[in-house]
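> coords below, sequence missing:
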């Protein structure tokens, strides 16, 4: 059974579970989260970075959320009092307000319908304190405002969605701010408790999850410190800590109220929603790790440690802030400690990279990593159940229903939560996408949008339209499916390795040294050169075995275990003048030797006549100076010369080469349409030369190889994204494929798009050219390396292709090195070929990944080859693609830096880990089920130099064999007769 890739195979994460469970078994200790950074540094690469295909627990809570001030509107309707945000947004020169927001107050039915469409199990929303108690106290009770929430809860119950209710999401009744100073006054604790008591009594029978206060860090630091959010106070640097102190005591008072009076009957759970950034050390030193820990303590630990650990502030905060930080009495510590039934974690745009300034980073680097944050919380606070009560990202305010950026951030965060559960053993019990709909985004106003539903703020009806992110969340929530396929390829499957070129010797290195050496056989066996002596010149014809570089390269190829080797000839070196009447016979002889030696090693040579590269044309100099392929005549010199060059190669090498590539990767975006037109004609002429003049005698195959990275629509459910992806493939692949494998003309989509742009750049095939080009193939060969995402909506001008009207995107869950590693892209590319050109035989002629050449334990390449080959197997076995062969790229870093299965130290070739893994896959012809019977394939004959004489010329072979036996016998008789005669004397 081929080994799963070590240090990063697809099952590596699962293998970690047992280890991690043991590692985390001990009870949390002070600063236990400090081990988080070291732990993640030691996880296997790239397996830990790979996308995890698995499912969430059955009882996992999928939620979506909103906040009252952002979406409700109706700020003065039906007796509602003003909140601090109502007055804050009217101060200074501020223009935008949340007076209307998304007008949820008048659109309960629309909101509930949107929630139902998402298929979530929970809906998080907040109560507007000033809508229930207009002046903040029970005496101002507003029945109509309270009925709004009763209606919402009733509607949620009808669609079987559980509410998660937040008592306070930043919108304090303004009366309390004006009369008491808001959260800065200790009396607010009792007032908040009374408000909570009313809510528990009124709504508690329908609510099982309560959040007391959302993100107290923002309330304290930015409401009463920086003044960025309401109430906008910023004149006392110590005030935020007093506010935070009151927030903690208010939360604790409410928790105890619920625990004593409501929990026995209502059986709910209660916590405070705490938000945090993530941070990584700027240096790999313990001091940097401690600064990271302290940064988290100043944001998350400020409120989490009192609730989850010991009822007091983190030691780091106390040490750095001293008397600025209020202190808890022993009684208060006892009152605060343990007042959370779960850890409610907020993560995303509301805090990270927006409201964390440099002073709280302590010289370290902020990073967006939900998984590491979850692990830190788990370690630091002794494994609490964690409910992610807010998570997501944002798009610009002018974005409408197409928000793939938000969608892929959601995908990333959900994937990180899944890894946290499956690999890290963290008890994550729920995930909340933020938010249900677009609304007023606090200090960002309407400049960004965070909703899964688009809201047109200028439309009277505030219609809710699902965005791409909503469809993704509905479709993908619950699990990420995908596993390896365990079976084998057909027995005749071609396993190969590719190289752009081979090392060439102009003269044989064997017998080339005329020096005379003394062999010190009795001592160390060294050869000592004798000065002044030289051997007479060897009078013998050169043999293929005389080339040391051929022996070395063929031996390296043989060690990979492949049965095919693909390399390119150098046209400009084979025919330097461009005239085949004057070829480089020495080089042709070398190529002839190389291919014959490959055959003797049971390796089939696959030879490319011309390999297109951007940096150098590799055309013969006279053709290169004649404007390469761009000559607009009907028969440019390069076109005619290429056919002659192909004929020369077929004649000289065709006895050993049975698989030819005319043009390798000519479909480069830097190639003009006119150049491409002539390249297609050149390929066709070369194919016809072989078909008419050599195929009958040589029995080989000829085609061209196209570069084909997959292009995936950013949102596969949207026709507006699917069409641009098809368009890009038409222009990149169909451009060369359709004339050869299809209609004999360029793709209709390509022509119609250029016609729409009033472009006349695409040449026209006349009937003769169409007949010349169409059908000039024996197989379909592709080079595939990566996958990219495209969408139709422009977001970044640097990655937007105006001519095709497509925006390139990044899926943040993909590995990159430096290009995205997306194994399933190969399967989709192969299926594209099958769907367009039916049962054409397909070869993956080059597939590989770039990695640091100094990394001989190339775990990324191990992962890459295993998973890409497995996707190729799926395409063949499950999808019916007529896949005939797979070639890993490349053989050696020496010729293809960063891509090789061999590394090099000076002149020594080093076998990388990827070579051993690839050889193991080849040995088993794929991925057989462990314990299954071996695949019944006929054995491969071992090389037998000279056996072809017996096979093809049996009579001559027989006589030669008999004659050799007679000569050996006579020689033995003469030898022993002479020896016996000598003994008589």
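Arrived safely. Only a predicted model underlies this, so the values are computations on that prediction, with no experimental measurement involved.
> which residues in the stretch 1-150 of the chain form helices?
Secondary structure of the stretch 1-150 of the chain (DSSP state H, counting those that start in this stretch): helices located at 12-23, 36-41, 68-71, 84-88, 108-118, 129-132, 143-158.
> I misspoke; the intended subject was the stretch 351-500 of the chain.
So, for the stretch 351-500 of the chain - with DSSP H, counting those that start in this stretch - the helices run 370-380, 404-422, 468-476.
> Buried deepest among those helices, which one?
The highest average neighbour count among the helices of the stretch 351-500 of the chain, using mean count of other C-beta atoms under 10 Å, belongs to helix 370-380 at a mean of 25. (C-beta placed from N, C-alpha, C; glycine too.)
> Now do it, average pLDDT.
The pLDDT scores in helix 370-380 average 97.
> again, but for stretch 714-727
Computed over stretch 714-727, the mean pLDDT rounds to 86.
> Would you mind pulling the contact partners of that stretch?
Contacts to stretch 714-727, defined as C-beta atoms under 8 Å, 6 or more residues apart in numbering, come from residues 402, 404, 407-408, 468, 471-472, 475, 711-713, 749, 753, 789-793, 804-807, 809.
> any idea how far residue 62 lies from residue 682?
Going from residue 62 to residue 682 by C-beta to C-beta, to the nearest Å gives 57 Å.
> returning to that earlier point: dump the helices of the stretch 1-150 of the chain into a markdown table; add distance to residue 934, mean pLDDT and mean neighbour count as well.
Below are the helices of the stretch 1-150 of the chain laid out as a markdown table (distance: least, C-beta to C-beta, whole Å; pLDDT from 0 to 100; neighbours: other C-beta atoms under 10 Å):
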| stretch | distance to residue 934 | mean pLDDT | mean neighbour count |
| --- | --- | --- | --- |
| helix 12-23 | 26 | 37 | 15 |
| helix 36-41 | 41 | 95 | 17 |
| helix 68-71 | 64 | 96 | 27 |
| helix 84-88 | 72 | 95 | 22 |
| helix 108-118 | 50 | 97 | 18 |
| helix 129-132 | 73 | 98 | 26 |
| helix 143-158 | 59 | 98 | 16 |
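> Quick one: mean pLDDT over stretch 163-176.
98.
> Mean pLDDT lowest where, among the helices of the stretch 351-500 of the chain?
Across the helices of the stretch 351-500 of the chain, helix 468-476 has the smallest mean pLDDT, namely a mean of 88.
> Quick check: which helices or strands does that helix pack against?
Counting by 3 or more C-beta pairs under 8 Å, 6 or more residues apart in numbering; DSSP states H and E, the packing neighbours recorded for helix 468-476 are helix 108-118, helix 404-422.
> Now do it and helix 404-422, the angle between them.
Interaxial angle, helix 468-476 versus helix 404-422 (axes from the mean of the first three to the mean of the last three C-alpha atoms, to 10 degrees): 30 degrees.
> contacting residues around the closest residue to residue 698 other than its chain neighbours?
Using C-beta to C-beta, 6 or more residues apart in numbering and skipping the chain neighbours, the partner closest in space to residue 698 is residue 654 (4.4 Å). By C-beta under 8 Å, 6+ apart, the contact set of residue 654 is 694, 697-698, 700.
> so which helix or strand takes in residue 649?
Assignment of secondary structure by DSSP states H and E places residue 649 within helix 637-653.
> can you list contacts of that helix?
Contacts for helix 637-653 (C-beta under 8 Å, 6+ apart): 569, 571, 574-575, 578, 580, 583, 588, 591-592, 595, 607, 609-610, 619-620, 622-623, 626, 628-629, 631, 660, 662, 678, 681-682, 685-686, 689-690, 693-694, 698.
> Could you export the helices of the stretch 351-500 of the chain as CSV, including distance to residue 193?
Formatted as CSV, the helices of the stretch 351-500 of the chain follow (distance: least, C-beta to C-beta, whole Å):
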stretch, distance to residue 193
helix 370-380, 27
helix 404-422, 33
helix 468-476, 36
